[in-house]
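[1] next input, structure requested:
(2 chains)
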There are 2 protein chains.
Amino acid sequence: MQQMTPAAMKAIALSDVVIGNAFYLEMLGSLLNNKQVIRSSMGKELDRAREAARLAADHNVAMVSGGDAGVYGMASIVLEIIEHEFPTQDVVVLPGVTAATAAASRLGSPLSGDYVTISLSDLLTPWEIIEKRMDLASQMGTPIALYNPKSRGRPLNLGKALNIALKYKDQETPVGIVKNVFRDGEEVLITTLGSLTENYDLVDMHSILIIGGEESRIWKEDKNVKGIITPRGYDRKYVY
Amino acid sequence: MQQMTPAAMKAIALSDVVIGNAFYLEMLGSLLNNKQVIRSSMGKELDRAREAARLAADHNVAMVSGGDAGVYGMASIVLEIIEHEFPTQDVVVLPGVTAATAAASRLGSPLSGDYVTISLSDLLTPWEIIEKRMDLASQMGTPIALYNPKSRGRPLNLGKALNIALKYKDQETPVGIVKNVFRDGEEVLITTLGSLTENYDLVDMHSILIIGGEESRIWKEDKNVKGIITPRGYDRKYVY
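    This is a model prediction of the structure:
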């Protein structure tokens, strides 16, 4: 909970009912004491949002979502349910540290400016759209943060996405992988776009993968790899 | 400080020296008690990073940066200085709530998935590159979060960027502007890409501007505008 904002903790503390995916509720520990806790599972997002909105008629309800609720989280689905079915219900969205920037912090500073986030999950977005976005993003020259890079149901999406990136990006482009960022079992790997296929096994749905931009480089002290730096461009403005 | 992580607060609490832009240090209040505080000004980022790295030889130094240090913040410049001039210095980057997702939370859920962040400041990035990124990002169909949308030194960049967006995006595309997000004087405005020129005055360098994606819509209760929703795509998977 070292990465959870006081505003989010306070919202949970003030609620009577806490609802969310069991995986995220697990992390809240004693914050859940003396509250009604509703553990939901993946794939049940619509039911979960409807249940939260229904209970909010006479309870303070906190919907817990991973990272930042507004990025691949529960905010949009809760608002859609409220819009369609509970239009007078009050709701407040609180931001959090999103997985892309959390992962970036463990890699040094690979984003440092303009960047793109793309999820490789085609459960909710058609694969053709993901490919189109990946193609345009790879032409931008910025870093790309990939969410949901691999899962059992879609083992090949990552390989396809990397092949698109390789149409425009050099083999030596730095790539950082962070699995379980700020959670038990955190793992960090720094490699290059050309060598990534050898490290596929580390990548799963709890990983964030950051592909560097045109100016990203691997940061070393002697021969030790310390991280990835994407310069902000101060070298264009000043001389070191 | 309701949006600052416990990890960041703890890092400051454990430091002897706190250094940063005076604007951000101002917000830390009593966290700065009994510490050496070095207030730096905009444009002095390189000196600030060097001073922090130099002092770190015999102090615990906290560099404070706005929002998430790894996104348009001080992380990259500090790491570059360490890489070049203080290669054995230990450093840890801590993530935060970045301005794009903070602003998004005040607008409802306008990002909700894949998105692009672009800064319109051409102090560190040549304008041609910004225009190219803006063009490609507008073709992606995702929301775009614009940082540094306007300042006295570059009053015309925003208009140029919006004209690029209008090559691909509908006039009715929702646009949200949040000025001073989670700070004194916060203002929120929801409009459309076609009507934005009438609201230029609100936009300044303390604003974040979010341009909706293909599926983004303005969320209303009766005639009251409540926010912007970018659906995640559950409507493609389930029937409401």
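
[2] which helix runs longest in chain A?
    If you go by DSSP state H, chain A has its longest helix at helix A:127-140.

[3] from the chain's centroid, how far away is it?
    Centre-to-centre, helix A:127-140 and its host chain are 18 Å apart (Cα atoms, centre = their mean, to the nearest Å).

[4] and it, what does it pack against?
    With contacts defined as 3 or more Cβ pairs under 8 Å, 6 or more residues apart in numbering or on different chains; DSSP states H and E, the packing partners of helix A:127-140 are strand A:115-119, strand A:144-147, helix A:157-168, helix B:127-140. The C-beta positions use only the backbone N, C-alpha and C, and glycine is treated the same way.

[5] could those be laid out in CSV, adding mean pLDDT and mean neighbour count?
    CSV is the format used below for the helices and strands packed on helix A:127-140 (pLDDT from 0 to 100; neighbours: other Cβ atoms under 10 Å in any protein chain shown):
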stretch, mean pLDDT, mean neighbour count
strand A:115-119, 98, 26
strand A:144-147, 98, 26
helix A:157-168, 96, 17
helix B:127-140, 98, 20
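
[6] tabulate the ones you listed (a markdown table), appending distance to A:Arg217.
    As requested, the helices and strands packed on helix A:127-140 are exported to a markdown table (distance: least, Cβ to Cβ, whole Å):
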| stretch | distance to A:Arg217 |
| --- | --- |
| strand A:115-119 | 16 |
| strand A:144-147 | 16 |
| helix A:157-168 | 17 |
| helix B:127-140 | 18 |
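
[7] which one of the ones you listed lies closest to A:Met205?
    Among these, the nearest to A:Met205 by Cβ to Cβ is strand A:144-147 (9.0 Å).

[8] now what about that closest one, what contacts it?
    Strand A:144-147 has contacts (Cβ atoms under 8 Å, 6 or more residues apart in numbering or on different chains) with A:72, A:99-100, A:103-104, A:111, A:115-121, A:134, A:137-138, A:158, A:161, A:165, A:208-211, A:213.

[9] what's the nearest residue to A:Val61 once chain neighbours are set aside sitting at in phi/psi?
    Leaving aside its chain neighbours, A:Val61 sits nearest to A:Val17 (4.6 Å; criterion: Cβ to Cβ, 6 or more residues apart in numbering or on different chains). Main-chain torsions, A:Val17, degrees, to the nearest 10: phi -120, psi 130.

[10] list the contacts for A:Val17?
    Applying Cβ under 8 Å, 6+ apart, we find A:Val17 in contact with A:Lys35, A:Gln36, A:Val37, A:Ile38, A:Ala52, A:Leu55, A:His59, A:Asn60, A:Val61, A:Ala62.

[11] between those, which is closest to B:Met9?
    Using Cβ to Cβ, A:Ala62 is the member of these that sits closest to B:Met9, with 21.9 Å.

[12] now that closest one, what's its secondary structure?
    Of the three states, A:Ala62 takes strand according to DSSP: H, G, I helix; E, B strand; the rest coil.

[13] who's in contact with it?
    With contacts defined as Cβ under 8 Å, 6+ apart, the neighbours of A:Ala62 are A:Ala11, A:Ile12, A:Leu14, A:Ser15, A:Val17, A:Val18, A:Ile19.
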